[in-house]
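Student: Okay, predicted coordinates and the sequence, questions at the end:
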Amino acid sequence: MKIEKDTAVTLRYKVADAQGKLLEESREPMVYLHGGYGNTLPKIEEALEGKMPGYQTTLALEPQDAFGLRDENLVQSIPKSQFPPGVKVGGQLEGRRDDGQPQAFTVMKIKGDTVLLDGNHPMAGKALRFTLSVTEVRAASEEEIAHRHVHGEHGHHH
C-alpha cells in the first residue's frame, strides 16, 4: 500500500545534526496519521507521499522546516520561589504562553534564586538530518481519522 492521505505509517528514524552527530534514534517504531494532521513535520510527509514499505531516505532540513528558529522571547528568568521543591536542570515544566496556550519549558540553569527556562524545542534553530525507514503502511480506521491520530501499538492511547 502507498502512503497517501488517511494512511497509518510506521517508520523508524534517526535524527542527526548537520555535522552527522546522532541526536535521537527511535527505540520503538513511530506511527503517524499521514495527510496534514500535524502528526509529523510537513517536509517528512511531503518526502514520504506515494512511497511504500521498505522505502528509505535521508532528509536535510533547515531549522524553519524542522523545529523552527529559536525565539529568544521564550527564554525567561523566574524566581526560584515560584517553583515546587526539587526543580532540577533538564526538567520539563508546562506553563502558559501569553495567549493562554500550553507551552513546554526546559529548566536550563539554576543560579542562586533564579531559574532560567527555555520554551524553545530542544532542536529549534538547528539544521537536521532525518534518516527514515518506512516499515508498514495501512489504511487508517474511521476512528483514527476522526481523532486525527493513530491508535493502538506505538500510536495514541485514550
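Tutor: Happy to help now that I have it.

Student: mind checking pLDDT for the residue nearest the centre of the chain?
Tutor: Centroid-nearest residue in the chain, with C-alpha atoms, centre = their mean: Thr40, separated by 7.0 Å. According to the prediction, Thr40 has pLDDT 94.

Student: any idea where the helices of this structure begin and end?
Tutor: Using DSSP state H, the helices of the chain run over residues 42-48, 142-147.

Student: Same list, those helices, but as CSV with mean neighbour count and distance to His121 please.
Tutor: Heads up, the C-betas are built off the backbone N, CA and C, glycines and all. Putting these into CSV (neighbours: other C-beta atoms under 10 Å; distance: least, C-beta to C-beta, whole Å) gives the following:
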stretch, mean neighbour count, distance to His121
helix 42-48, 17, 15
helix 142-147, 14, 24
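
Student: Any idea which of the ones you listed gets closest to Glu94?
Tutor: Smallest distance to Glu94 across the helices of the chain (C-beta to C-beta): 22.1 Å, for helix 142-147.

Student: about what we covered before: quick check: the residue nearest to the centre of the chain touching Leu33?
Tutor: No. Contact between Thr40 and Leu33 fails when scored by C-beta atoms under 8 Å: they sit 9.0 Å apart.

Student: burial count for Ala8?
Tutor: Counted with other C-beta atoms under 10 Å, residues neighbouring Ala8 total 25.
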